[in-house]
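Engineer: fold the following.
(one chain, ligands or ions: 2)
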Amino acid sequence: MVDPLGRKIEYIRISVIDHCNFMCKYCTTGTHGFEKVPKEDILSFEDIARIAEAGKHLGINKIRLTGGEPLVRHPLPKLVSMIKDVGIDDIAITTNGYYLSIYARELKDAGLTSANISIDAVNPETFKNITGVDAVHLVLKGIDDAIDAGIKVKLNTVVMKDITIKELPALLDLARSRNVPLRFIELMPKIDTETWNDMFFKITDLKKYIEENISPLTPVDAQLGKGPSTYYQLEDGTIVGFIAFFSMNYCQRCNRIRIDSRGNIYPCLFAPIKLPGLDKIRAGLEETIEFLKEGIKAKPEHGDPNAAWSVEMRNIGG
Ligand code: SAM
Ligand code: SF4
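Structural biologist: Ligands and ions are numbered 1, 2, ... in the order given. The predicted structure follows:
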């Protein structure tokens, strides 16, 4: 479906759960305890499959499952196969990788095509300081097992002052040795201003650092995804991507809507618009199609990164 500004919307990101087994510093507002939501207020697998089917009617060809941590929701491979059964062929997850090793093969067999795996540091201590969990070895195994299972993998790294530049050699080595793209994501102001100011490092400065200290960056023409990332190749062949909400504007290329685990549509990550729809989704396929149309029509021309405080990343999944 085309939105009122002529953008083709072909991609829905669905947060299947707002719980997570990590506590990444940049992802929570510090309230750490998760709100206990009654099970009946959370999208069921049937609800999610109905959203996928409704999306298919409107020309959606890609669904991404995110969280919280999507692999905390059981059994995720079953949900993937339900989405596949309604005719969506491009099914992705965004995951912290902790449980990926266990589920990689099952997910692939169920129809999962790709996984964006978050890894901000390879150094175990640094990883633990960021996520609160001593688990980089599990994430690394998850990456390898996903690749072995035939899942297309990309790595996501949130760019942080004093951390990313130190971790760059190891992260680039990881991407190069596994032959997978590494994408740098600019820190979004989803946390308190003081923490954000302490951690923020401009993505354009990181790009400049790589060019001046590591390798020239050659733009890659190939479309490596349906997203906002711009890709470059290092001299050794490693592909890196940059996703920035402050330093680069990509609103005119936006092709997606987001739905959280309670059935609310967020037409834009950076606009305080939330359309509640659990009842509509549960009313049936026609009602779900109308709800998705409503969400697509509500997409603003531009988002404002500073207006996004009302929604936490772990609720909408990035
Ligand atoms: N738990 C999964 C994971 O970590 O990949 C999926 C959900 S997480 C919210 C999705 C993505 O959002 C991750 O790549 C994470 O690094 C990113 N993210 C979380 N908070 C962020 C922030 N404040 N700024 C930029 N990216 C953020
Ligand atoms: Fe959890 Fe992902 Fe947020 Fe980290 S970024 S706390 S893994 S939801």
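Engineer: check contacts around residue 64.
Structural biologist: 11, 12, 13, 14, 91, 92, 93, 94, 317 (Cβ atoms under 8 Å, 6 or more residues apart in numbering). Just so you know, the C-beta spots here come from the backbone N, C-alpha and C atoms, and that holds for glycine as well.
Engineer: swap in residue 288?
Structural biologist: 50, 51, 53, 54, 277, 280, 281.
Engineer: element containing the last one?
Structural biologist: Following DSSP states H and E, one finds residue 281 within helix 278-283.
Engineer: show the buried residues in the contacts of residue 288.
Structural biologist: 50, 51, 53, 54, 277, 280, 281 (16 or more other Cβ atoms under 10 Å).
Engineer: out of these, who's nearest residue 119?
Structural biologist: Nearest to residue 119 among the buried ones among the contacts of residue 288 is residue 51, at 28.9 Å by Cβ to Cβ.
Engineer: helix or strand for the closest one, which one?
Structural biologist: helix 45-57.
Engineer: what of residue 184?
Structural biologist: Per DSSP H and E: strand 182-185 holds residue 184.
Engineer: likewise for residue 212?
Structural biologist: Here residue 212 is assigned to helix 203-213, by DSSP H and E.
Engineer: so which bits of that helix are buried?
Structural biologist: So, applying 16+ other Cβ under 10 Å, buried residues of helix 203-213: 203, 206, 207, 210.
Engineer: so which elements touch it?
Structural biologist: helix 164-178, strand 182-185, strand 239-243 (3 or more Cβ pairs under 8 Å, 6 or more residues apart in numbering; DSSP states H and E).
Engineer: now those in CSV, with mean neighbour count?
Structural biologist: Converted to CSV, the helices and strands packed on helix 203-213 look like this (neighbours: other Cβ atoms under 10 Å):
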stretch, mean neighbour count
helix 164-178, 17
strand 182-185, 23
strand 239-243, 22
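Engineer: among those, which comes closest to residue 110?
Structural biologist: helix 164-178 (22.7 Å).
Engineer: that closest one near ligand 1 at all?
Structural biologist: No: applying Cβ under 6 Å from any ligand atom, one finds helix 164-178 separated from ligand 1 by no less than 12.0 Å.
Engineer: what is that helix packed up against?
Structural biologist: Against helix 164-178 (3+ Cβ pairs under 8 Å, 6+ apart) you get helix 136-149, strand 152-158, strand 182-185, helix 203-213, strand 239-243.
Engineer: export that helix as CSV, just CAs?
Structural biologist: Taking C-alpha atoms only, helix 164-178 is exported to CSV below (Å, rounded to 0.1, in the frame of the first residue of the first chain):
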residue,chain,number,x,y,z
THR,A,164,32.6,1.5,19.9
ILE,A,165,36.0,2.8,18.7
LYS,A,166,37.7,0.5,21.2
GLU,A,167,35.7,-2.4,20.0
LEU,A,168,35.9,-1.6,16.3
PRO,A,169,38.8,-3.9,15.4
ALA,A,170,37.2,-6.9,17.0
LEU,A,171,33.7,-6.1,15.6
LEU,A,172,35.1,-5.6,12.1
ASP,A,173,37.1,-8.8,12.4
LEU,A,174,33.9,-10.7,13.4
ALA,A,175,32.0,-9.3,10.4
ARG,A,176,34.9,-10.0,8.0
SER,A,177,35.6,-13.6,9.3
ARG,A,178,31.9,-14.5,9.1
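Engineer: please compute how far that helix lies from its chain's middle.
Structural biologist: 20 Å (Cα atoms, centre = their mean, to the nearest Å).
Engineer: again with stretch 243-258
Structural biologist: 13 Å.
Engineer: using PDB, list the CA coordinates for it.
Structural biologist: What follows is stretch 243-258, C-alpha atoms only, in PDB (Å, rounded to 0.1, in the frame of the first residue of the first chain):
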ATOM      1  CA  ILE A 243      21.800   3.900  10.400                       C
ATOM      2  CA  ALA A 244      21.400   7.400  11.800                       C
ATOM      3  CA  PHE A 245      18.400   9.200  12.900                       C
ATOM      4  CA  PHE A 246      20.100  12.500  13.900                       C
ATOM      5  CA  SER A 247      22.900  12.700  11.400                       C
ATOM      6  CA  MET A 248      21.100  11.500   8.300                       C
ATOM      7  CA  ASN A 249      17.500  11.800   7.400                       C
ATOM      8  CA  TYR A 250      15.800   8.800   5.800                       C
ATOM      9  CA  CYS A 251      12.100   9.700   6.300                       C
ATOM     10  CA  GLN A 252      11.500  10.000   2.600                       C
ATOM     11  CA  ARG A 253      12.600   6.300   2.200                       C
ATOM     12  CA  CYS A 254      10.600   5.000   5.100                       C
ATOM     13  CA  ASN A 255       8.700   1.800   4.100                       C
ATOM     14  CA  ARG A 256       7.300   0.400   7.400                       C
ATOM     15  CA  ILE A 257       4.900   0.500  10.300                       C
ATOM     16  CA  ARG A 258       5.400  -1.000  13.700                       C
END
